[in-house]
Structure formats: structure tokens, C-alpha cells
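>>> The amino acid sequence is not available; the structure is as follows:
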């Protein structure tokens, strides 16, 4: 389902409420995107669940991470989520299962995360969409995979990701959950906000021939796309 909200703040408020509702499940497991799009949602969710005993039951599983980047480095996916959510909500390290970008055996690291998901199925995923239509680090033009994998980064991702780091950073590969793993989540929200995403939004919804990763999530009853009006400005009525 496609839902369009008046602005980014309203979109974030609805997502934060959905996250709080999902926390009521008996064994909540969240898979969450890092970056600027979900930041407001995480802040509102953290405020809403402050001191909630339900938070102790929550587990977080990694969506993606840059290969070769320590998880504590500013700009790593783990560091961004820690700053924007984990530290604010009081989510403990023991509740978080994250890709290690410095793992000696990256294939083994992917299988470790896959095994965690097998034992702890994802109940809720919040995804963003890259400027090139990627989901997680599933880049355009790559095969649709069933398991988490090491992915060569597109030139667009290498350039756009520099904004997260304090200094120019050499990024060549990432580890990411597959689109099929994300689709198996009990509920998925794909959030796209801001005028800078308007062009890729039009591609996703009106140009199926583009074959973008985000288009693989269209048409499922448990997957919703939440946009603000700025991101939706080029869509035909």
C-alpha cells in the first residue's frame, strides 16, 4: 500500500507509532535502516517508549554495514543507529546483532546473521530507499538473493555515503540482508521523504522497466510505502 503524508514530521510520527505498536508482540525483532530518512522516526519512538519494560524484549538485527569500517566509526551503519536510536531508547548491546565490517571471514559473518534470523524471525522492518533505488545495500543490476551477502557498491552509493563520514572514506563493498529476507519480515515499512528523492520515487512507481531493488517490494499486503508530499511531487495523480 502507498500512503502519502503532508510532510516528513507527520510521516515520522506515524512510523514511530507503528514501531511502538510492533513492540507489543511477544518476541519483537526489528530490522532497521540507518541514515537520515528514519532519524526523526527513531527520535519519536525513543521518546514514546522511554522506561517501557516492553523494550527489554526487543531484539535488533542488522540490515547492512560497510566492509572495512569499524562499527564504532562515525558513519558506520551501527554507529548511526546507536546515535539515533539505541543510546536514546536504552537498547542494550546484548539486544543487538550486527554485521561486523571488520570480520576476517565475511562469508562466515553473513551466515552468522542468517542463522540469527532463522532463530529469531524478523517481525518488523523499516527500510529507506537510496538515491539509486537500492534497499539496504542491494544495488541495482545485481541478482535477487535469498541470503545475506557481500555486495560491490555502486558508484552512486560510494559518493552519497561520504556525507556520513568526517573525512573521505574508501568504500568498495558492503554486507547486506537480501531482498528476500526483508520480504519475509512480518511487516515492512519503506519510508521515502524529501524532494531529493522525488525522481527515484517516480521511477519506482511509474517505470517498472527500471528494475530497481525497491520495486521488488511492491505489491505485497504486508509491505507499505510511506512518502511525504515532497517525495511524491512527481507522481501522477
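Received the coordinates, thanks. Please read all numbers here as calculations on a predicted model, not as lab measurements.

>>> so what's residue 37 up against?
128, 129, 191, 192, 193, 194 (C-beta atoms under 8 Å, 6 or more residues apart in numbering). Using the backbone N, CA and C atoms, a C-beta is placed for each residue, glycine as well.

>>> Could I get the full set of helices for the protein?
Taking DSSP state H, the helices of the chain run over residues 8-22, 39-48, 77-81, 87-89, 106-119, 155-160, 179-183, 198-206.

>>> Please identify which of those helices is closest to residue 142.
helix 179-183 (9.7 Å; C-beta to C-beta).

>>> Contacts for that closest one, please.
By C-beta under 8 Å, 6+ apart, the list of residues contacting helix 179-183 reads 31, 63, 114, 117, 122, 125, 127, 135-136, 138, 144-148, 188, 213, 216-217, 220, 223.

>>> how about the strands of this structure, start to end?
2-5, 29-32, 59-61, 64-66, 96-97, 124-127, 149-152, 173-176, 188-192, 223-228 (DSSP state E).

>>> What's the separation between the closest residue to residue 37 other than its chain neighbours and residue 233?
Leaving aside its sequence neighbours, residue 37 sits nearest to residue 128 (C-beta to C-beta, 6 or more residues apart in numbering; 4.1 Å). Separation of residue 128 from residue 233 (C-beta to C-beta, to the nearest Å): 18 Å.

>>> Comparing the two, which residue is more hemmed in?
Set residue 128 next to residue 233 and count neighbours by other C-beta atoms under 10 Å: residue 128 wins out with 22 against 14.

>>> What is the burial count for residue 118?
Residues near residue 118, counting by other C-beta under 10 Å: 9.

>>> Return the per-residue confidence for it.
Residue 118 carries a pLDDT value of 97.

>>> Residue 49: which of the contacts of residue 37 is nearest?
residue 191 (18.6 Å).

>>> OK, contacts around that closest one?
11, 15, 37, 38, 41, 126, 127, 128, 226, 227.

>>> Could you measure from it over to residue 47?
In terms of C-beta to C-beta, residue 191 sits 18 Å off from residue 47.

>>> Show me what residue 66 bridges to in the sheet.
residue 174 (DSSP bridges).

>>> so where's this structure uncertain?
Counting by pLDDT under 70, the ranges of the chain that qualify are 237.

>>> Let me see the contact set for the nearest residue to residue 48 once chain neighbours are set aside.
Of all residues not flanking residue 48 in the chain, residue 20 sits nearest, at 5.1 Å (C-beta to C-beta, 6+ apart). Applying C-beta under 8 Å, 6+ apart to residue 20 gives the contacts 45, 48, 49.

>>> And residue 23, by the same measure?
Contacts of residue 23 (C-beta under 8 Å, 6+ apart): 49, 52, 54, 55, 57, 58.

>>> Filter those residues down to just the buried residues.
Among these, the ones that count as buried by 16 or more other C-beta atoms under 10 Å are 49, 55, 58.

>>> Not counting sequence-adjacent ones, nearest residue to the residue positioned nearest the centre of the chain?
Nearest to the mean C-alpha position of the chain, counting by C-alpha atoms, centre = their mean, stands residue 33 at 2.2 Å. Excluding the flanking residues, the one nearest residue 33 by C-beta to C-beta, 6+ apart is residue 128, at 4.3 Å.

>>> so that neighbour touches residue 40, yeah?
No: using C-beta atoms under 8 Å, residue 128 is not in contact with residue 40; the gap is 12.0 Å.
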